[in-house]
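*Asks:* Here is my input, please return the structure:
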Amino acid sequence: MRKWIVFIMASVLLFGTCGCSDTNNTQTPQSSNTKSNTLVVGCNEMAGVFSPAYYATAYDGYVVDMVFDGLIKRDYDGELVASIAEDWELVEDGKSIVFQLRDDVKFSDGTPLTSADVEFTYLVLADPSYTGRYGSMVKDLVGYEEYFSGNTDKLAGIETNGDYQITFHFKEALRTNLENCTLGIMPRHYYGADFQVGDTSGVEALSSKPMGAGPYQLNNFSPKEYASLSKNTHYFKEGYEIQNIVCKFVDTSTEITELTNGSVDLLPKILEMKKITELRKNDSISLNSYTRNGYGYIGFNCESGPTADVRVRQALAHSFHIDEYLKSDHTDPATGEAFAVGQFYPYSQVCWVVDDAFREQMGKYPFDLEKAEALLDEAGWVKNASGMREKDGQVLELKIAAMPDNPVLSTLIPMWERDWGSIGIKLNIAYMEFNTLADYVEVHSDENVDKWSLFFMASEFAGPDPHEIYTTYHSSNIGSGKSNFSRYRNAEVDRLLDEGKSKLSEEEAKPIYTEAGKLITDDLPVLPIYSSTFFDAYNKKLVDFKTNSLYNWVDALQDAKIQ
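*Replies:* Below you'll find the model as predicted:
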């Protein structure tokens, strides 16, 4: 599953016993200086979609991961381990998976979690009315098509046996089957008291007021300000000694000041070289560093406008000086230390398909204005008397959806204006806040398809498997509420991605994903700009705080403590 982001960088108010959010309360949380067991985390603004079935951004995902727990999850070494499930058994090489649930798991209101809640959670994803982006997690279950089409109200691929055993039956023994069992479990009595097949609106309506069986419960969400959480007293695992978490929304221009003056205790996933250089000089701050499981990228509109032509997309890649950008924003001028690398392929550096041999096979787009101009000429965009590219009487205009005050875009946009402008392309930049942009290209993408040419975002992947790109590039994921934002279609890529997940071993799967990577790199539905090193910066009062590419700050809360 891909979580997408743009740029990453306490008092607790209780409202009843369900751990739900009260979005009307605007009282500011107390600082960490007045709450010894409160961790204040600096974050970008959240959209407030705190549902494992509906959230889209990494920021909302932080709350989701604190409030909900799944059958299985990744440990520090990146391995899938039991969580709500006590153990599991793979039958017929994983064609069926039998989960034995723990009998001591409770939701934050004290209600026991049973197999009925697990079944309900996955039925929501399979429902014909479901509008979220995680439907691919259930499409391989036996009977999915019949259930989704409304021909039956029973999904044959899910079988419960008493309160604490559930079996998932898949159509094939796929490598990805176990990974599809990681979703956070939602309580049926809260989300689905009136649930009926064909109507998931009641589940979606509670997205801003979550209840789960995770280590924390959401107490208050104040848009544009903060989200506050407290320890779920019913949580079944040991650890999680930090009682209160406040996600405070901070501006990227002031976040370092807030960390050093104690307004926040933790800034996860900083990537700007200048900030890291500054923080390394501060003896009160610790830094964890690791390779990002994702990348910053330009997303092109492959369905509408000039970027629907692959030659235009390739021309834009050849006429954008990415190496210059990497040197200016991701290299320490004093030491030459690089904080990021460039890439053009669709997998993260952490993905197990990526190695030196793979990189050698991928296409590249070196800065070459002559090549870019030739591609535009070939596509029919020729220069008019004023030097602008024109076709059928229309000037080549790029409609760029961008966010204001974004440090990455503050560098990129002047470069685009210089580089793309030099070959006769007009830029029309529309600024919008992050949540508006997210809504623009994902939630209501069908109605906005002709209103934009490209945007800048960043992505993160949940694990190291190349299947993580499936929802980004498979054509079945085009449409409002789905993850193929570029609306990219390639039947051969679809076939390869479908074939790839059927291979049980990495050795068998790797050549298939390599071929898919070649095709996607040639088609260029997205242009990766950088794959960076991430730094988690935090006050040294936070100890036993271990993070890496596959184990983020929320995961690390299990062992972390405040001295």
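
*Asks:* residues touching residue 413, list them.
*Replies:* Residues in contact with residue 413 (CB atoms under 8 Å, 6 or more residues apart in numbering) are 400, 402, 427, 429. In short, each C-beta sits where N, CA and C put it, glycine included.

*Asks:* I'd say residue 286 and residue 542 touch.
*Replies:* Yes: assessed by CB atoms under 8 Å, residue 286 is found in contact with residue 542 at 7.5 Å.

*Asks:* before we move on, back to that, most neighbours among the contacts of residue 413, which one?
*Replies:* residue 400 (22 neighbours; other CB atoms under 10 Å).

*Asks:* Could you find the closest non-adjacent residue to that one?
*Replies:* Of all residues not flanking residue 400 in the chain, residue 429 sits nearest, at 4.7 Å (CB to CB, 6 or more residues apart in numbering).

*Asks:* any idea of the mean pLDDT for the helix or strand containing that neighbour?
*Replies:* Here residue 429, judged by DSSP states H and E, is contained in strand 426-431. For strand 426-431, mean pLDDT rounds to 96.

*Asks:* Convert the C-alpha atoms of that strand to PDB, please.
*Replies:* The C-alpha trace of strand 426-431 is given here as PDB (Å, rounded to 0.1, in the frame of the first residue of the first chain):
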ATOM      1  CA  LYS A 426       4.100  28.200 -20.900                       C
ATOM      2  CA  LEU A 427       3.600  27.500 -17.200                       C
ATOM      3  CA  ASN A 428       0.300  28.200 -15.500                       C
ATOM      4  CA  ILE A 429       0.700  27.600 -11.700                       C
ATOM      5  CA  ALA A 430      -2.300  27.200  -9.500                       C
ATOM      6  CA  TYR A 431      -1.500  27.200  -5.800                       C
END
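
*Asks:* send the alpha carbons of stretch 166-175 over as CSV?
*Replies:* Only the C-alpha atoms of stretch 166-175 are listed here, as CSV (Å, rounded to 0.1, in the frame of the first residue of the first chain):
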residue,chain,number,x,y,z
ILE,A,166,-10.9,-16.6,10.8
THR,A,167,-9.8,-18.0,7.5
PHE,A,168,-9.1,-16.1,4.2
HIS,A,169,-9.5,-18.1,1.1
PHE,A,170,-7.8,-16.7,-2.0
LYS,A,171,-8.3,-17.7,-5.6
GLU,A,172,-4.6,-18.3,-6.1
ALA,A,173,-1.6,-18.9,-3.9
LEU,A,174,-0.1,-15.4,-4.3
ARG,A,175,3.0,-14.0,-2.7
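
*Asks:* which helices and strands sit right next to the strand ranked longest in the chain?
*Replies:* In the chain, with assignment by DSSP state E, the single longest strand is strand 526-539. With contacts taken as 3 or more CB pairs under 8 Å, 6 or more residues apart in numbering; DSSP states H and E, strand 526-539 sits against helix 255-260, strand 266-270, helix 273-279, strand 285-291, strand 294-300, helix 310-318, helix 322-330, strand 340-341.

*Asks:* dump the residue contacts of the closest residue to residue 242 other than its chain neighbours.
*Replies:* Once flanking residues are discounted, residue 242 sits nearest to residue 39: 5.1 Å by CB to CB, 6+ apart. Contacts for residue 39 were tallied using CB under 8 Å, 6+ apart; they are 10, 32, 242, 244-246, 265-266, 542, 557, 560, 562.

*Asks:* Lowest-confidence one in those residues?
*Replies:* Confidence-wise, residue 10 trails the rest of the contacts of residue 39, at 27.

*Asks:* Give me the below-cutoff pLDDT ranges for this protein.
*Replies:* 1-36 (pLDDT under 70).

*Asks:* now the helices and strands packed on strand 526-539 in JSON lines, with distance to residue 215 and mean neighbour count?
*Replies:* Output for the helices and strands packed on strand 526-539, formatted as JSON lines (distance: least, CB to CB, whole Å; neighbours: other CB atoms under 10 Å):
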{"stretch": "helix 255-260", "distance to residue 215": "24", "mean neighbour count": "20"}
{"stretch": "strand 266-270", "distance to residue 215": "16", "mean neighbour count": "24"}
{"stretch": "helix 273-279", "distance to residue 215": "28", "mean neighbour count": "17"}
{"stretch": "strand 285-291", "distance to residue 215": "20", "mean neighbour count": "16"}
{"stretch": "strand 294-300", "distance to residue 215": "25", "mean neighbour count": "25"}
{"stretch": "helix 310-318", "distance to residue 215": "43", "mean neighbour count": "24"}
{"stretch": "helix 322-330", "distance to residue 215": "35", "mean neighbour count": "17"}
{"stretch": "strand 340-341", "distance to residue 215": "33", "mean neighbour count": "18"}
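
*Asks:* so who does residue 555 touch?
*Replies:* Neighbours of residue 555 in contact, by CB under 8 Å, 6+ apart: 65, 73-74, 76, 547.

*Asks:* what's the answer for residue 509, then?
*Replies:* Applying CB under 8 Å, 6+ apart, we find residue 509 in contact with 175, 353, 466, 500-501, 503.

*Asks:* Look up how far residue 520 lies from it.
*Replies:* Separation of residue 509 from residue 520 (CB to CB, to the nearest Å) stands at 16 Å.

*Asks:* before we move on, the earlier item: just give me the closest of the contacts of residue 39 to residue 216.
*Replies:* residue 245 (6.0 Å; CB to CB).

*Asks:* which SS state does the closest one fall under?
*Replies:* Three-state assignment for residue 245 (DSSP: H, G, I helix; E, B strand; the rest coil): strand.

*Asks:* who does it bridge with?
*Replies:* residue 39, residue 229 (DSSP bridges).

*Asks:* Verify the contact between it and residue 216 for me.
*Replies:* Yes: the pair residue 245 and residue 216 qualifies as a contact (CB under 8 Å) at a distance of 6.0 Å.

*Asks:* follow-up on the earlier one: who touches the strand holding residue 429?
*Replies:* Counting by CB under 8 Å, 6+ apart, 388, 395-404, 413, 416-417, 420-421, 452 sit against strand 426-431.

*Asks:* quick one, phi psi at the residue of the chain positioned farthest from its centre?
*Replies:* Most distant from the centre of the chain: residue 385, at 44.9 Å, with distances by CA atoms, centre = their mean. Main-chain torsions, residue 385, degrees, to the nearest 10: phi -60, psi -30.

*Asks:* for the one 10 residues further on, same thing?
*Replies:* Note on residue 395: its backbone torsions stand at phi -70, psi 140 [degrees, to the nearest 10].

*Asks:* out of the contacts of residue 413, who's nearest residue 310?
*Replies:* Of those, the one sitting nearest to residue 310 (CB to CB) turns out to be residue 400, at 18.9 Å.

*Asks:* To which secondary structure element type does the closest one belong?
*Replies:* Quick answer, by three-state DSSP: residue 400 is strand.

*Asks:* Verify the stated contact: it with residue 440.
*Replies:* No: using CB under 8 Å as the test, residue 400 is too far from residue 440 to be in contact (11.9 Å).

*Asks:* Quickly list what's touching both of the two.
*Replies:* Listed contacts common to residue 400 and residue 440 are residue 452; contacts here mean CB under 8 Å, 6+ apart.

*Asks:* buried sites along stretch 76-94?
*Replies:* Buried residues in stretch 76-94, counting neighbours by 16 or more other CB atoms under 10 Å, are found at 80, 82-86, 88, 94.

*Asks:* Any chance you could give me it in PDB, C-alpha atoms only?
*Replies:* In PDB, the C-alpha atoms belonging to stretch 76-94 read as follows (Å, rounded to 0.1, in the frame of the first residue of the first chain):
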ATOM      1  CA  TYR A  76      11.900  -3.500  13.300                       C
ATOM      2  CA  ASP A  77      13.600  -5.900  10.900                       C
ATOM      3  CA  GLY A  78      10.800  -5.500   8.300                       C
ATOM      4  CA  GLU A  79       9.300  -9.000   9.000                       C
ATOM      5  CA  LEU A  80       5.600  -9.600   9.200                       C
ATOM      6  CA  VAL A  81       4.800 -10.700  12.800                       C
ATOM      7  CA  ALA A  82       1.700 -11.500  14.800                       C
ATOM      8  CA  SER A  83      -0.300  -8.700  16.400                       C
ATOM      9  CA  ILE A  84      -4.000  -9.200  16.900                       C
ATOM     10  CA  ALA A  85      -3.500 -12.600  15.500                       C
ATOM     11  CA  GLU A  86      -1.800 -15.000  17.900                       C
ATOM     12  CA  ASP A  87      -0.400 -17.000  15.000                       C
ATOM     13  CA  TRP A  88      -1.400 -18.100  11.500                       C
ATOM     14  CA  GLU A  89      -1.100 -21.100   9.200                       C
ATOM     15  CA  LEU A  90      -0.600 -21.000   5.400                       C
ATOM     16  CA  VAL A  91      -2.600 -23.700   3.600                       C
ATOM     17  CA  GLU A  92      -1.700 -24.800   0.100                       C
ATOM     18  CA  ASP A  93       1.300 -22.400  -0.100                       C
ATOM     19  CA  GLY A  94      -0.900 -19.500   1.100                       C
END
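
*Asks:* Alright, that wraps it up for me.
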